[in-house]
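Asks: prediction below, plus the sequence it came from.
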Amino acid sequence: MVGGLSSAEEGGRLGASVALTEVLHCFPIITLTHFCDTLLKTYPPKATIKGECARDESFALVFGYSALARSGRLELELAGPAPQQAMHAITTALTTLLDLATRKSFLPEVTYETVLGILDRLPKDRISEVISVFSEVLGMDPKEYSPEMISLLICLKRNFSVKFNEYSSYLTKHGILHPTNIHLIKNALVATSYSSPRMHSVWNYVVDVLSDSPVAHFQAFAKVLDDIFLIEQTSVKHMAFQVVQLFSEKIETNRLPYLFTANFIKSLVNALVNVTHILHKAVKQTLYKLIQVLKTEPLAAMAAVNALEGPSGIINFDKKTRTKTISTLLTVVSSESANSYANELLEQFINYGQIRPDSFANDNDKYENAIVAGRKWIVDQLINLIKGKLVQNRELVVLNILKFLFFHSFYTYEPTDNDVPNLGEESLFLTKQPSPPICVLTRSYVTQRFFSTLSFINKTSFLDENDKQPAKGKPVKGKKFLHEGESWSYHIFKFQHKLNQNKDFKVIFPHKSPSNDDEMDVIQNFDATLQALTAKITEIRKQKKQLKTVEDLETKTKLHKLITFESLMLNIGLTFFSNPGELTPAIQELCTIYDNLFNTDKDSSRAIEVMTDLFVSWLVRPASLVMRETIEQTFKAFCPSLTVEGLDILLGVLQQKLDQKEDEEEEEEEEEEEGEEVGEGEEEGEGEEGEGEGGEEDDEDDEDEEEEEGGLDDDAKTRLQKVLEKLGQEKPGEEESEDESSMDDEQMFKLDKNIEDMLKLRKDSKKASKQFLQDRRDIIQFKQRVLSLIDLYITQQQHDQQQNHLNNKTPVHAILPLLQAIGTSASSGNTDTINLVQRIEVVFNRLCKPAAKNCVRASSEDVPFYENILTALMEKATTTKLPNVSRMCAVGISFIMRILLHAPSTKTPNEAEDNFGLLNLDTFKENITKCLNSFLLSKQKSLTNSFFQTVLLQFPKVGWQVVPIISSLLPKSQKKKPQICCLDWLLALIRMKKELGNAGARFLPVAGCFYQTFSVVSRNPKNSLPDMRKCLSLLIIAVQTSIKLQGLEKTKEAFPIDLIDKQIKEFPSTLLSNPSIVGLSNVIRNLFTGETPKQKSKQKKNKNDGKAPNNANQQLNNNTLTPSTEPKPTPNDTKTPQADPKPAPTEPKAKGRSNSKKGAGAPASQPASAPPANGLPKAQQPQEQQKQEGKKRRGGKK
């Protein structure tokens, strides 16, 4: 076994080592002395280790002594009768291993691990007998220590309490990781990164010792680790990050923040910022582990946040590293810690220049930029506290943060005396002078963030401390108000009222000085306007208090409107500070609207129209998010009373054109294209569509070019042309200018000035072009905001229709303006315009596709109104050139028809068999005839197959009235595609068994139209095989329905069999030879002869499974519907259609199933090739019989 320890195979060495361990454990007869002597005789130590053999022998010694340590013999021998022999063997083993560790660089780690394994089995009182073996290591200079020696020293101190000062002049009596010694072993710890990228085993001993040591020892180690992070070698930094990750897994969480030292944070940020950094992924993994551990301890998480963003860290850590470290850690900290953190941030905002001295102090511009960036970051952190719901049980903290933001947005503190005003808890940071003073840029940013935070907090639920369910321990449903039952905006408004009563606080107007007399007047009237607004809010609150005592439904509705109007007044009052010039007249109008809505008994519709117009004016400019949301909430409360005039105000915004000049040019181009199309012929079918698409692409290209040149007006072009002429660049067609080399200095000076003017003009033209695009983008965004109000109105109206069974036709007025809005917005193909058009389509579909219970109910007085809209939609669908508008017209037509059809009819049930409600069929037929004329006869491209399917097939009883119109117009059309579309409509109508309803009243008057349709469509020479199958299928279904309703004789009158026979004979020969055409023709013959497939199936079945009879061809030749010269069909190519046949597949099967066993199962008296009993070819046999014969051929298996 000792010989097997030097095996070249790893498995051999491991097997010998394990076996040797068991032998030493089970056979005490083998003494330790004998084993050590045998091991050293077999593998005597060599002065040098060269070659594979010497390497294997060195590892054999290590494996041998390791087996001895694991076998348990050392403990037994030391406790036995001859402990001295055991100590001699141990001393020999330790000496040999220490000597072996100095031979090769790959041996120290494994040899010292074996030494530590032997020392772990050594009793504490025996260390004096072997301590001399380690005298050389103990007396060595610590700068020469290896990582393995650190492991040995840790083991000696931990197991045997060795005093190092007795053996070394460099170390104190304490452990090697003691603060008095740890600074000496930095080089040894750094050396752990030199041998391998994996973690060295010494770190496990270091972590175990430091996890149980006092905090001061861990802090000392953190300083050494911080010095290690200063080393720029990648391997060293990688090792240091691995050590941090190892500590995060094994030590107490509250000690982790000590590792967030300055150099660690710097190395962390450098690796995270640069995605291509070699350590980026490793550092990201380390940070992830730290976050997961810190999340379990709120105090440690807060300490880590302070370290990452404190003086040793960097501000805006998350943004610079593109991580969510701070935001994630802040979600777990306690409310007390969050409150303390918020106070620290507020203190930093006020005294930022003193707390964070910047390195750019000598450069004023850079210093100011650093101050602005730092204060912006502080504001963001304060808002993150609120959005992370860290202070959900500390509503006063949230309110203090909001007050702080509001104060530094619009107020400044200018004390007139030494008395400090008392404002409560928030006075701590509002009565201090900022150092340095807050600049305009910072104040604008604080204002923007204040309104965005107010918008967020108005939609967020915060809980009080007592809002808990004691049974489950879960919070109840949150509230959007404070514990006093008031909104956040009201508390801020009350706070500003308190500020205005104190002379030490001055209002700062829109972050700039007034530029004209009008603005000065606004500032002078600011206090009066604010006082009037405050008085109205006070009046609203009194009225609210009175209404809360009443319980009826009308009063509750009025109270809800009053609450929303109060919210509007409060938010407009807060926004008034940011823009007093524009909002002063608006506030005056708002006060008047309040009086008309709540203080008078007159009709409030006019006041709602004025309020709607006021809302639109506020949405023109980029209002704050809180104002837009407040407008939507108020509009939702009052929109049930909105009149047609108020709705037209909103729709008029959408109908405005984006750019008048562009639209005029597009109209001219469209007229030119129409003139060219008059003289040019168009292809049919798919070719026409392709040309249409190409034209649209050309238009889009032209529009893109116009957008690029949109900034150059005529004046700029003229000025630029003059400059170019001065430069010597003549107009096209003129000769080139003379050589400029002969110009003198004065001419060159003029030339330079002209060049400068030209460059300035070009720069101005680029700015104008950008401004042009920005203006159009602002218009589109404005339309988006107004469209949101329209969508809100439609949704609310449908909800009221369902809940209160109201019948309001006002939303129907929006159908035509929405279609026109698409026409005015679809001229440009940029992304913003496309999004606007898509949103308009969504709103239109919501309006025209309500649930049945939300649909408007029409009355007889409303019929002219709906008929006018129906006619306008038909005309719009015919004239438009936009496919999406045509599709939406079909949806609108379907909506109006549903309203009219579902309305109670004025006729009695005896006057009409089909109830069409209030729909005027004559007017509808007139309009649909124009659309069919345009679709079948003109060269338009807007009306499509889907348009007529939506209009006709959704209401079959109306579609049946259009069948004669289709039949009369088909002979005039020579286009294949429209004809086939008409064929599809008729097929869909006649196949609607459940919708056929009163079949006698619907089908019989138009039965002849189906034959006319068949006659016209089947004559088109461009028809394909599927088209002809559709024609025959339509004829078959029509004949079947006619026979069922009026018998065979009258059917022959409506469907002349001779003419049908003649028509089919005129089919092209390629079609007549097709088996599916032959099969359908036979079905028609059988229908007129009175013989059906069901009757044939009752005949005697032929069990012969052979081929078709020889007289099958003769049978087909006798058929008057097929010529005798046509080739006979193959047996399995066709199938006889059933009573309600469907179009045959596009391609018939090429081959039938081969029958190799002829005559199998046939009677003996009947030959195998005998014809079937029913006299039909196999392909025309009933389906049931064919299935049974197929099962026989397959042996009864599928």
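Replies: Received, thanks.
Asks: and the residue nearest the centre of the chain, how far from residue 777?
Replies: The residue lying closest to the centre of the chain (C-alpha atoms, centre = their mean) is residue 835, at 15.4 Å. Look at residue 835 and residue 777: by C-beta to C-beta, to the nearest Å, they are 11 Å apart. All C-beta spots, glycine's among them, are computed from the backbone N, C-alpha and C.
Asks: ok, back up a step: could you check how far the residue nearest to the centre of the chain is from residue 819?
Replies: 18 Å.
Asks: cool, and residue 901?
Replies: Taking C-beta to C-beta, one finds residue 901 at 22 Å from residue 819.
Asks: again, but for residue 63
Replies: Taking C-beta to C-beta as the measure, residue 63 falls 89 Å from residue 819.
Asks: ditto for residue 564
Replies: In terms of C-beta to C-beta, residue 564 sits 32 Å off from residue 819.
Asks: which one of those two has more residues nearby?
Replies: More neighbours surround residue 819 than the other of residue 564 and residue 819, with 24 against 17 (other C-beta atoms under 10 Å).
Asks: tell me the mean pLDDT for stretch 412-432?
Replies: Average pLDDT, stretch 412-432: 68.
Asks: ok, then the element right after the longest helix along the chain?
Replies: Ranked by residue count, the top helix of the chain under DSSP state H comes out as helix 745-804. Using DSSP states H and E, the helix or strand that directly follows helix 745-804 along the chain is helix 815-825.
Asks: could you tell me the angle between that following helix and helix 745-804?
Replies: 160 degrees (axes from the mean of the first three to the mean of the last three C-alpha atoms, to 10 degrees).
Asks: which residues are in contact with helix 815-825?
Replies: 648, 651-652, 654-658, 663, 780, 783, 833, 836-837, 840-841, 843-844, 847-848, 869, 872-873, 876, 880, 882, 884-885, 888-889, 892, 895-896 (C-beta atoms under 8 Å, 6 or more residues apart in numbering).
Asks: give the buried residues for it.
Replies: Within helix 815-825, the residues that qualify as buried are 815-819, 821-823, 825, counting by 16 or more other C-beta atoms under 10 Å.
Asks: with respect to pLDDT, which of these ranks lowest?
Replies: Model confidence across these bottoms out at residue 825, which has 75.
Asks: distance check, it against residue 339.
Replies: Distance of residue 825 to residue 339, given as C-beta to C-beta: 51 Å.
Asks: what of residue 545?
Replies: For residue 545 relative to residue 339 (C-beta to C-beta), the value is 34 Å.
Asks: again with residue 379
Replies: 17 Å.
Asks: comparing these two, which residue is more hemmed in?
Replies: Using other C-beta under 10 Å as the criterion, residue 379 and residue 339 rank with residue 379 on top: 23 against 18.
Asks: chain neighbours aside, what residue packs nearest to that one?
Replies: The shortest distance from residue 379 to any non-neighbouring residue, by C-beta to C-beta, 6 or more residues apart in numbering, is to residue 449 (5.3 Å).
Asks: and the one you found, what helix or strand is that in?
Replies: Per DSSP H and E: helix 440-458 holds residue 449.
Asks: pull out the buried residues from the helix or strand just after that helix.
Replies: For helix 440-458, the following helix or strand on the C-terminal side (DSSP H and E) is helix 488-500. Using 16+ other C-beta under 10 Å as the test for burial, helix 488-500 gives 488-493, 495-496, 499-500.
Asks: any chance of those in TSV, with pLDDT and distance to residue 602 too?
Replies: Listed next are these as TSV, based on pLDDT from 0 to 100; distance: C-beta to C-beta, whole Å:
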residue	pLDDT	distance to residue 602
488	86	34
489	88	30
490	89	29
491	88	35
492	90	34
493	90	30
495	89	37
496	89	34
499	87	38
500	86	35
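Asks: possible to save these as JSON lines with distance to residue 568?
Replies: Output for the buried residues of helix 488-500, formatted as JSON lines (distance: C-beta to C-beta, whole Å):
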{"residue": "488", "distance to residue 568": "15"}
{"residue": "489", "distance to residue 568": "10"}
{"residue": "490", "distance to residue 568": "12"}
{"residue": "491", "distance to residue 568": "17"}
{"residue": "492", "distance to residue 568": "15"}
{"residue": "493", "distance to residue 568": "12"}
{"residue": "495", "distance to residue 568": "19"}
{"residue": "496", "distance to residue 568": "17"}
{"residue": "499", "distance to residue 568": "22"}
{"residue": "500", "distance to residue 568": "21"}
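Asks: can you name the two of the residues you listed that are farthest apart?
Replies: Using C-beta to C-beta, the pair of these lying farthest apart is 488 and 500, separated by 19.2 Å.
Asks: just give me the neighbour total for residue 238.
Replies: Around residue 238 there are 18 residues (other C-beta under 10 Å).
Asks: quick one: contacts for it?
Replies: By C-beta under 8 Å, 6+ apart, the contact set of residue 238 is 193, 197, 279, 282.
Asks: what about residue 1052, distance to residue 1059?
Replies: Here residue 1052 is placed at a distance of 11 Å from residue 1059 (C-beta to C-beta).
Asks: those two: which is more packed in?
Replies: Neighbours were counted for residue 1052 and for residue 1059 using other C-beta under 10 Å; residue 1052 has more, 15 against 11.
Asks: need the pLDDT of that one.
Replies: So residue 1052 comes in at 82 (pLDDT).
Asks: how about it, nearest residue that isn't a chain neighbour?
Replies: Nearest one to residue 1052, counting by C-beta to C-beta, 6+ apart, is residue 1088 at 6.7 Å.
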